[in-house]
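**Q** with the sequence up front, the predicted model follows.
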Amino acid sequence: MKNKVTMQDIADTLNVSKNSVSQALTGKDGVSEETRRLIAETAERMGYVYGNGRRTRIGETPGFGTIALIASDYAFSMKSFFGEIYLSIEKEVKNRGCELIIQPIGRENAQALYLPPFLQKQSVDGVLILSHITTNYINAVIDTGIPTVLIDHHDPDIQADSILTNNRFATYEAVRHLAELGHLYIGFIGNIDVSPSYYERLEGFRMAARRFGLEIRDEWMLTDALEESGFVLEKMTSLKQQPTAWLCVNDGLGFMVNSALQQLGLKVPDDASVVSFDNGYLSRLATP
């Protein structure tokens, strides 16, 4: 039985990049019309199948009927943030008369690059990938040729459209707000290795600190923080001097920092201010 033709096969045949093939077959900018036509003709000749089982033809726009939403088990467990995104996706898919398939990806399957049957058989018309799985796994999904969009994740080694928060400028605005309140000593807490978004929030923090002349002390930069209340309290208790404000990469850490400050006898916001990302249910449960 002949193996299915992939975008890489077409790229190898024409001696072009796989990204160029993807751009040509999905109607994106980045390739000339001559190259687009050559790629489309080669795909047709080689029997390339696009998403819903139809062969791609020049000028043809793939139809959509079934959308797959995949994410790691961890991402699906983060109901406070990703739950709202999932519900919004489900509502929009339904409004457009499409079907939504939900598929968690376990760690073992991600490492083994095991794709769900609906991806192997290309029986869905589009894929949404929520947050990070692994770069190799995401590229394996993209290599199926099914149109794929990332949500809240991107990477230099992944060639795909992404829907993202403006992390740098949002953090910049948060720090500006704290600076305008008179805070000169601000701490940062979050594990920047967990997500590119967290790293970008650190970049926005540093940009604002430089712009507004704020002092950054190493002991206030908790860039490897675990999202555990015991860890947060221990780290903050060990500080010789507390900053007067904290920038937290998410509401979970914001909630824990708020709690730790109060356990240390500090009043929020009288003695210290706390800013966190997401505006999720934890930020609404916190006192204040």
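**A** Everything's here; your move. Numbers count the residues shown, from 1 in each chain.
**Q** now residue 285. Nearest residue, chain neighbours left out?
**A** Taking Cβ to Cβ, 6 or more residues apart in numbering as the measure, residue 285 lies nearest to residue 255, with 7.4 Å between them; neighbours along the chain are not counted. C-beta: built from backbone N, CA, C; applies to glycine.
**Q** which strands and helices lie in contact with whichever strand or helix holds the one you found?
**A** Secondary structure from DSSP states H and E places residue 255 in helix 251-263. In this structure, helix 251-263 makes packing contacts with helix 79-95, helix 229-237, strand 245-248, strand 273-276, helix 281-285, judged by 3 or more Cβ pairs under 8 Å, 6 or more residues apart in numbering; DSSP states H and E.
**Q** if I look at the residue nearest to residue 285, how far off is residue 288?
**A** Look at residue 255 and residue 288: by Cβ to Cβ, to the nearest Å, they are 12 Å apart.
**Q** neighbour count: the two, which is higher?
**A** A count of neighbours by other Cβ atoms under 10 Å puts residue 255 above the other of residue 255 and residue 288, at 22 against 8.
**Q** the more buried one against residue 284, yeah?
**A** No - under the contact definition of Cβ atoms under 8 Å, residue 255 does not touch residue 284, with a separation of 10.3 Å.
**Q** what helix or strand does the closest residue to residue 132 other than its chain neighbours sit in?
**A** If the residues on either side of it in the chain are set aside, residue 132 comes closest to residue 153, at 4.7 Å by Cβ to Cβ, 6+ apart. Element membership for residue 153 (DSSP H and E) is empty, with no helix or strand holding it.
**Q** torsion angles phi and psi at residue 153?
**A** Phi and psi for residue 153, reported as degrees, to the nearest 10, are phi -160, psi 150.
**Q** can you check residue 107 too?
**A** In terms of degrees, to the nearest 10, the main-chain angles of residue 107 are phi -60, psi -40.
**Q** so how many other residues sit close to residue 169?
**A** Residue 169 has 13 neighbours, counted by other Cβ under 10 Å.
**Q** which residues touch the residue nearest to residue 285?
**A** 276, 282, 283, 285, 286 (Cβ atoms under 8 Å, 6 or more residues apart in numbering).
**Q** same question for residue 284.
**A** Contact criterion Cβ under 8 Å, 6+ apart gives no residues in contact with residue 284.
**Q** before we move on, what about residue 212?
**A** Neighbour list for residue 212: 175, 176, 179 [criterion: Cβ under 8 Å, 6+ apart].
**Q** most neighbours, which of these?
**A** Note: the member of the contacts of residue 212 with the most neighbours is residue 175, at 25 neighbours, neighbours being other Cβ under 10 Å.
**Q** just say helix, strand or coil for it.
**A** Under the three-state scheme (DSSP: H, G, I helix; E, B strand; the rest coil), residue 175 adopts helix.
**Q** next one: residue 186 from residue 38, what distance?
**A** Separation of residue 186 from residue 38 (Cβ to Cβ): 55 Å.
**Q** more neighbours: those two, which one.
**A** residue 186 (25 against 16).
**Q** which residues does that one contact?
**A** Shown in contact with residue 186 (Cβ under 8 Å, 6+ apart): 175, 178, 179, 205, 209, 214, 220, 243, 244, 245, 246, 247.
**Q** run a quick neighbour tally on the second one.
**A** This points to residue 178. Using other Cβ under 10 Å, residue 178 has 23 other residues around it.
**Q** next: the fourth one.
**A** A total of 25 residues lie near residue 205 under the criterion other Cβ under 10 Å.
**Q** okay, it: pLDDT?
**A** The predicted local distance difference test score for residue 205 is 98.
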